[in-house]
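Undergrad: just the structure for this:
(one chain, ligands or ions: 1)
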Amino acid sequence: MTRVGVYPGSFDPITKGHEDLIHRSLAFVDKLVVAVAVNVSKQPLFTLDERVALIKQTARDTVIDVRAFDGLLVDFARSVGATVIVRGLRAVSDFEYEFQMALMNRTLAPKLETVFLVPAFDLTYLSSSLVREVARFGGDVSALVHPAVQQALRQKLGK
Ligand code: PNS
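TA: Numbers count the residues shown, from 1 in each chain. A predicted model of the protein is given here:
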């Protein structure tokens, strides 16, 4: 039996924290679908196609699929045959939102389990929004993102 996991998010842009979680997930799923949300509440820096393309350049593995999704995550998970949702927990501040989301998703799809992974210690402070902010002011993000993402940030922000 193939165990399929879905790793959803905005990925605006993908960071080394996301990459770390993707690789940790492969310890317990046979296939991981990285699901990029079409509708993110905030205005994203990167377009949907750009966010998908950057993940594809960053996470190259035959068992990783990158897909955009619209609508409810549980419906998308069902459509790709996923039984597990993977989310990262970095700090206590993440907990409340993640807990609510996991319980709502369980209400909608009782058989779909949410699994929380803790990233590598030196990446726990990292977020896409911090990366965008540092890059916007010309800071060095080379330790925080893949070189392809660094280049995309430079192009996008003209830095
Ligand atoms: O990286 P993010 O922005 O924290 O990801 C949030 C995301 C995209 C996983 C979440 O907003 C989501 O699942 N959106 C899809 C709509 C949905 O299913 N909402 C109900 C879940 S509570």
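Undergrad: CA only for contacts and neighbour counts going forward, please
TA: Noted.
Undergrad: so for Ala82, what's the nearest residue that isn't a sequence neighbour?
TA: Nearest non-adjacent residue to Ala82, counting by CA to CA, 6 or more residues apart in numbering: Val4, 4.5 Å away.
Undergrad: can you count the residues close to the one you found?
TA: By other CA atoms under 10 Å, the residues close to Val4 number 20.
Undergrad: my read is that it contacts Val34, right?
TA: No - Val4 lies out of contact with Val34 (CA atoms under 8 Å); the separation is 10.8 Å.
Undergrad: quick revisit: who does the residue nearest to Ala82 form a beta bridge with?
TA: Lys31 (DSSP bridges).
Undergrad: ok, now how distant is it from Val92?
TA: Val4 sits 28 Å away from Val92, going by CA to CA, to the nearest Å.
Undergrad: kindly report the same for Val131.
TA: 20 Å.
Undergrad: of the two, who's got more company?
TA: Val131 (22 against 7).
Undergrad: so for the helix or strand hosting that one, what's the average pLDDT?
TA: Val131 is part of helix 128-136, with elements assigned from DSSP states H and E. Mean pLDDT, helix 128-136: 96.
Undergrad: return the set of buried residues in it.
TA: Of the residues in helix 128-136, those with enough neighbours to count as buried (16 or more other CA atoms under 10 Å) are Ser128, Val131, Arg132, Ala135.
Undergrad: and the furthest pair within these?
TA: Maximum pairwise distance among the buried residues of helix 128-136 (CA to CA): 10.4 Å, between Ser128 and Ala135.
Undergrad: hey, where'd the helices end up in the protein?
TA: Using DSSP state H, the helices of the chain run over 16-25, 48-58, 73-79, 92-108, 128-136, 147-157.
Undergrad: which residues does the second one contact?
TA: The contact list for helix 48-58 (CA atoms under 8 Å, 6 or more residues apart in numbering) reads 11-14, 19, 36-38, 66-68, 146, 148-149.
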